[in-house]
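Enquirer: Sequence isn't available, so here's the structure alone:
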């Protein structure tokens, strides 16, 4: 079911050397070192942004904050969040993509089309990167664009030159059971297998977004939960 999936997590570190060996080519030492350094630099940048946010008067991390801080730290062009609802996995509405002026007219149209298509997509009980994340409840990396779970989304992403998908689980305790209720999705312009440090940084951001959801769910009267912003999955509203 998950052919070509690469497993990502703090306990499993895949180096560029190992990846290249599996593809049958040797990698120069300089390329190996650069490949190892970049994800670690991204991890450090993400953690610095997260610490700054937590030290700010606001002190919380929304899903929009989560995708923005990761995309701005890594250069990944698209960040988005799927949430589980009673009818299937749907877009939360949280989104990051380049500003239209920076992307150019044609690309701006493609980013807008990708966002609009995503808003209309229902992944059912889980497809693509959502299914991959749910399978092990861990960070996942899928080369290619099949992880987008929709041929329409794949078409728009292909037009933008995007090439791979990274998924990060957001865990919530529901009825005393810890489960994945949201998946943060990043679409990248090149295949990058995050090392343990980057996976840990991504999970740290997801955990802070989870805490904000949990606080909202506990503090709001049940009758008012439906009126809160879309970051709260519908099933948490009882």
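Expert: Cool, the structure landed. Quick caveat, the model's predicted, so the values are computed rather than measured. Numbering: from 1, shown residues only.
Enquirer: and after the longest helix seen in the chain, which helix or strand comes next?
Expert: Counting residues, the longest helix found in the chain (DSSP state H) is helix 29-55. Using DSSP states H and E, the helix or strand that follows helix 29-55 in sequence is helix 63-74.
Enquirer: per-residue confidence averaged over that following helix?
Expert: Helix 63-74 comes out with an average pLDDT of 96.
Enquirer: Compute the inter-axis angle for it and helix 29-55.
Expert: Between helix 63-74 and helix 29-55, the angle comes out at 150 degrees (axes from the mean of the first three to the mean of the last three CA atoms, to 10 degrees).
Enquirer: what separates helix 63-74 from the chain centre, distance-wise?
Expert: Centroid separation between helix 63-74 and its chain, computed with CA atoms, centre = their mean, to the nearest Å, is 9 Å.
Enquirer: In this structure, what residue spans correspond to helices?
Expert: Ranges of helices within the chain are 16-22, 29-55, 63-74, 100-103, 105-120, 128-136, 151-159, 196-219, 222-225, based on DSSP H.
Enquirer: Between the two ends of stretch 71-78, how far is it?
Expert: Using CA to CA, to the nearest Å, the end-to-end distance of stretch 71-78 comes to 7 Å.
Enquirer: quick one: buried residues of that stretch?
Expert: By neighbour count, with 16 or more other CB atoms under 10 Å as the criterion, the buried positions of stretch 71-78 are 71, 73, 74, 76, 77, 78. (Glycine included, C-beta is placed from N, CA and C.)
Enquirer: Please verify my assumption that the fourth one contacts residue 70.
Expert: What it means is residue 76. Yes - using CB atoms under 8 Å, residue 76 is in contact with residue 70, at 6.8 Å.
Enquirer: which residues do the two both contact?
Expert: With contacts defined as CB atoms under 8 Å, 6 or more residues apart in numbering, the residues shared by residue 76 and residue 70 are residue 186.
Enquirer: what residue ranges in this protein are flagged as low confidence?
Expert: Along the chain, segments meeting pLDDT under 70 span 1-36, 100-104, 194-195, 212-238.
Enquirer: ok, now with 80
Expert: Residue ranges of the chain with pLDDT under 80: 1-37, 99-104, 174, 192-195, 211-238.
Enquirer: list the contacts for residue 87?
Expert: Shown in contact with residue 87 (CB under 8 Å, 6+ apart): residue 122.
Enquirer: which non-adjacent residue is nearest residue 39?
Expert: Nearest residue to residue 39, sequence neighbours excluded (CB to CB, 6 or more residues apart in numbering): residue 198, at 4.2 Å.
Enquirer: what sits against the one you found?
Expert: The neighbours of residue 198, taking CB under 8 Å, 6+ apart as the test, are 39, 40, 42, 43, 46.
Enquirer: from the buried residues of stretch 71-78, which single one is nearest residue 105?
Expert: residue 77 (16.3 Å; CB to CB).
Enquirer: Now for the closest one: which residues touch it?
Expert: Contacts of residue 77 were listed using CB under 8 Å, 6+ apart, and they are 71, 97, 98, 160, 162, 187, 188, 189.
Enquirer: before we move on, back to that, among the buried residues of stretch 71-78, which pair sits farthest apart?
Expert: Spatial extent of the buried residues of stretch 71-78 (CB to CB) is set by the pair 73 and 78 at 14.2 Å.
Enquirer: if we can go back for a sec, which of the helices of the chain sits closest to residue 175?
Expert: helix 196-219 (12.1 Å).
Enquirer: before we move on, back to that, now the buried residues of stretch 71-78 in CSV, with distance to residue 181?
Expert: As requested, the buried residues of stretch 71-78 are exported to CSV (distance: CB to CB, whole Å):
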residue, distance to residue 181
71, 22
73, 24
74, 24
76, 23
77, 26
78, 21
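Enquirer: If anything else comes up later, I'll come back, but that's it for now.
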